[in-house]
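Trainee: Let me see the structure of the following:
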Amino acid sequence: MIPMVHIQPGTASLELERALILVEVIKVNEPRPGTPDETQRRAMAAARLLFVRKGYFNTSISDIVAESGVSIGSLYHHFGSKQGLALRLYEETLDSIVALMEERVGQKEGLPAKLRMAVALLLESADRDPLQLEYMLFVKHDEIQPNFVPICMSKPFLLIQGLLRSGVEQGLVKDLPVPMLAAAFMGIPIRLFELKLRGMIDYPLADRTADVFAMCWDAVRTGAHDSDSSLANPGGRHQ
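Mentor: Alright, predicted model coming up:
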């Protein structure tokens with residue numbers, strides 16, 4: 001059920017944007033009752049919870065069966081093994097985040113607006129489904145699959161890097177290596193999420209979207225701290 005959104009005078013556009021993001025975040029994980037897809041989602045939701053709490057190797061198939069209520073036969077039918085379940089969970093988690101980012105970011109005009117939407121989605125997701133973000137960022141996925149792609153090279157982060165690369169080309173973003181820019185831009189919201197997980201932040205992160213984006217943007221935009229630019233980048237362009 002989607003919660004009511006109360007719009008105050010003078011804040012309609014911001015509240016509407018928040019409401020639209022929340023609806024999309026809910027839709028990403030909404031199961032269809034009575035279908036095989038629902039069974040798989042229940043199994044993946046249980047596995048995600050257990051992998052975060054106990055780690056991959058300390059989680060057994062029996063644990064997943066007990067947590068999800070899905071039969072062991074259904075688990076093996078749909079996923080083949082615990083590793084198959086883990087791989088499917090990781091791929092679908094990333095794909096759902098990327099699909100949402102591409103849709104919502106693509107609706108915005110101009111680089112700052114696109115990057116702001118990416119930050120807004122991350123913060124909304126952290127508030128709505130912190131377990132999903134904790135799973136994506138902090139579970140040791142390299143224990144599960146030998147050819148694991150580091151999270152900094154995963155699809156959501158590559159999308160951010162693509163936006164920042166275009167910003168360098170447009171002269172809107174500092175002329176620094178793109179991975180460095182992405183680390184500076186994404187490091188702030190990720191650190192805030194970690195602080196919230198540790199109980200050091202007790203308010204919705206999405207309420208501070210404007211402030212968080214301002215800090216992220218200031219970390220990468222041209223014109224910020226230009227007095228140090230000759231020291232940071234004496235040799236010209238980097239890609």
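Trainee: what's the closest non-adjacent residue to residue 71?
Mentor: Using C-beta to C-beta, 6 or more residues apart in numbering and skipping the chain neighbours, the partner closest in space to residue 71 is residue 65 (6.9 Å). C-betas here are computed from N, CA, C, even on glycine.
Trainee: What pLDDT does the model give the nearest residue to residue 79 once chain neighbours are set aside?
Mentor: Nearest residue to residue 79, sequence neighbours excluded (C-beta to C-beta, 6+ apart): residue 85, at 4.0 Å. We have a pLDDT of 93 for residue 85.
Trainee: right, and residue 85 touches residue 47 too?
Mentor: Yes. Look at residue 85 against residue 47 with C-beta atoms under 8 Å: they come within range, at 5.5 Å.
Trainee: Could you check the pLDDT of the residue nearest to residue 71?
Mentor: 96.
Trainee: Please apply the same query to the one 10 residues further on.
Mentor: Residue 75 is assigned a predicted lDDT (pLDDT) of 94.
Trainee: Can you report how many residues neighbour the residue lying closest to residue 170 once chain neighbours are set aside?
Mentor: Take residue 170 and drop its neighbours on the chain: the residue closest to it by C-beta to C-beta, 6+ apart is residue 111, 6.7 Å away. The tally of other residues near residue 111 (other C-beta atoms under 10 Å) stands at 17.
Trainee: who's in contact with the residue positioned nearest the centre of the chain?
Mentor: Note on the chain: the residue nearest the mean C-alpha position is residue 122, at 5.0 Å, using C-alpha atoms, centre = their mean. Counting by C-beta atoms under 8 Å, 6 or more residues apart in numbering, residue 122 touches 133, 189, 193.
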